[in-house]
Every structure is written in C-alpha cells, then in structure tokens.
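Asker: Coordinates for the following, if possible.
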Amino acid sequence: MDTTVLTFLALSAFSAGMIDAIVGGGGLIQLPVLFTSLPDELPATIFGTNKFSSVFGTGNAAWRYARRVEMPWRTTLPAAFAAFAFSYLGAMAVAWLPREILRPLIFVLLVGAAAYTFWRKDFGSLHRPQHAGRRELAFALLVGGAIGFYDGFFGPGTGSFLIFLFIRFFGFDFLHASAASKVVNVATNLAALGFFVPNGYLLPVLAVAMAVCNVMGSVAGTHLALRHGSGFVRQMFLVVVSALILKLAWDTF
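Answerer: The predicted structure is shown next:
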C-alpha cells in the first residue's frame, strides 16, 4: 500500500478516535476515507476494519472516563447488555428490510435533537439522575435495545443519539452522558465484530495499525472532554450532529 494512503488512513483514524471520544461520530471521518482509499475491497471488509480499529479507541475512552468520572453503572451496564443483544437483530434485519427507509426518519430525529439542544441552553449542563430501581432498569434496557438495533441495522449517529437519550431520559450532563455512551458503543462494536471477524471481513494488519492511531486520538479526545467539561462536549455535540444532518441530507435528498 502506498505510503501516502497509509498516512492518510492513520490521520483519519487519529481524528476519528479523538472526535469519537468526545461526542461520537468518528465514523464520519474514518469510513469515507477507508472507502476512498480501498475502492477494491468489499464493503463488509471496510466495515469490519473500521469497527476493529474503533472498538479499541472507544474502549480506551471508556476506561479513561471511568477513572475520572463517577460512572452511572446501574444505567450503563443494562443498556450495554441490551445493545449487544439487539445489535445482532439489527444486523439480521438488514437482510429483509432496506436501510433506505430509515434515512428520512433519522434525518428528522437528528434535526429535532439538534434544535432541542440548541434552544434549551441548560440541556445537559447539570448531572441530575432522574430514575432509580426498576424504572431505571426498564429505561436502560429500552434505550440500549433500541440503540443496539439501530447500530446493527444502520449505524450513523449512534454515539450522538446515545448522548442525547442519556441526557433527556436519565438527567445526565453531557460529560457523564458521553462517558456512558462509550461503554454502550463498545458493546455494539463487539457484537458487530462477532459477525465480521469470523467471516473474514477484516484487513488485520491495517486494522491493528489504525487501532493504534485511534487509541492515540481517543487519549487526546478524552483529555479535552475531561479538561473542558460538559460545555465543551455540548458544543462538539452540536457540531457533529450538524455534520451528520448535512451528510444524511446529501445522501437522502
């Protein structure tokens, strides 16, 4: 592989890891670069390579957040288990349900999430968990299952949707919501790899190299989020969601 292409892929993995660690959405950077740089590879191989490198960066971010932030494990772990299970169902649904039907719906949901966050200036500014006991468990399973199915079936914006839902339904601030979303993202990525890796949809050498760069980016991103707090994560959330809206609008309309 050409040195220029390798450098380009390494930089994209670093940037994706950094953005993903803060607010999700790293796939907006890494996936297009992989498709452009490797036009002869199967889409499944591209997705497998992307997931492999991403899971290490996301896992590193989750670990770093857990060391510095009081993690809401009673919400996060049930959501992660549900997401892992339902991501398989989402992947299976691809065989009989066309992804294109979701694009307009996801576009509307992203616009709604961005508008809600923009107009409510206090949204996600304070960490005030709202649920406990069975109610908390039920909401966690519901959110985790829905996001897991979505990530397995479609994917774009999973991290951003998770952050929004953790704030809206559980009362987290942006920093705690971002930290919790990383744990759930690790679960969905592992579920996807359970399909891609056994079926050989992976470029192992490239995937490992990009994983190293992704982890380096996640170190930088986690440091920025922890240093600057929820206000910074909120700003990045609006930037990434706006980019997702533009991409979906371009692909859909």
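Asker: And for stretch 81-94, what's in contact with it?
Answerer: 140-154, 184, 187-188, 190-192, 194-195 (CB atoms under 8 Å, 6 or more residues apart in numbering). Bear in mind the C-beta positions are built from the backbone N, C-alpha and C, glycine included.
Asker: quick one: the helices in the protein?
Answerer: 3-23, 27-37, 43-68, 73-93, 103-119, 133-153, 158-170, 174-196, 204-252 (DSSP state H).
Asker: Those helices: which one's closest to His127?
Answerer: helix 174-196 (5.2 Å; CB to CB).
Asker: helices and strands around that closest one, which ones?
Answerer: Packed against helix 174-196, as judged by 3 or more CB pairs under 8 Å, 6 or more residues apart in numbering; DSSP states H and E, are the following elements: helix 3-23, helix 43-68, helix 73-93, helix 133-153, helix 158-170, helix 204-252.
Asker: and those, which is most packed in?
Answerer: helix 158-170 (a mean of 25; mean count of other CB atoms under 10 Å).
Asker: Kindly export that one (C-alpha atoms) in PDB.
Answerer: Provided in PDB are the C-alpha atoms of helix 158-170 (Å, rounded to 0.1, in the frame of the first residue of the first chain):
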ATOM      1  CA  THR A 158     -25.200   6.100  17.300                       C
ATOM      2  CA  GLY A 159     -22.900   7.900  19.700                       C
ATOM      3  CA  SER A 160     -24.700  11.200  19.300                       C
ATOM      4  CA  PHE A 161     -28.200   9.600  19.800                       C
ATOM      5  CA  LEU A 162     -26.900   7.800  22.900                       C
ATOM      6  CA  ILE A 163     -25.600  11.000  24.500                       C
ATOM      7  CA  PHE A 164     -28.900  12.800  23.700                       C
ATOM      8  CA  LEU A 165     -31.000  10.000  25.200                       C
ATOM      9  CA  PHE A 166     -28.900   9.700  28.300                       C
ATOM     10  CA  ILE A 167     -29.400  13.400  29.000                       C
ATOM     11  CA  ARG A 168     -33.100  13.600  28.000                       C
ATOM     12  CA  PHE A 169     -34.300  10.400  29.800                       C
ATOM     13  CA  PHE A 170     -31.800   9.900  32.600                       C
END
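Asker: what's the angle from it to helix 133-153?
Answerer: 160 degrees (axes from the mean of the first three to the mean of the last three CA atoms, to 10 degrees).
Asker: what sits up against helix 158-170?
Answerer: 20, 23-26, 72, 75, 109-110, 113, 116-117, 123-124, 129-131, 136, 139-140, 143, 147, 150-151, 172-174, 176-178, 180-181, 184-185, 188, 233, 237, 240-241, 244.
Asker: can I assume Leu175 is in contact with Val69?
Answerer: Yes - between Leu175 and Val69 there is a contact at 6.4 Å, judged by CB atoms under 8 Å.
Asker: Would you single out the least confident of the helices of the chain?
Answerer: Across the helices of the chain, helix 103-119 has the smallest mean pLDDT, namely a mean of 81.
Asker: same for that one, what does it pack against?
Answerer: helix 158-170, helix 204-252.
Asker: where does Ser37 sit relative to Ala13, distance-wise?
Answerer: Taking CB to CB, to the nearest Å as the measure, Ser37 falls 11 Å from Ala13.
Asker: Just send the helices and strands packed on helix 174-196 back as a markdown table, with distance to Pro104 too.
Answerer: Shown next, in a markdown table, are those (distance: least, CB to CB, whole Å):
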| stretch | distance to Pro104 |
| --- | --- |
| helix 3-23 | 24 |
| helix 43-68 | 22 |
| helix 73-93 | 18 |
| helix 133-153 | 15 |
| helix 158-170 | 16 |
| helix 204-252 | 6 |
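Asker: hang on, Ser15 packs against Met216?
Answerer: No - in this structure Ser15 lies outside contact range of Met216 using CB under 8 Å: 10.4 Å.
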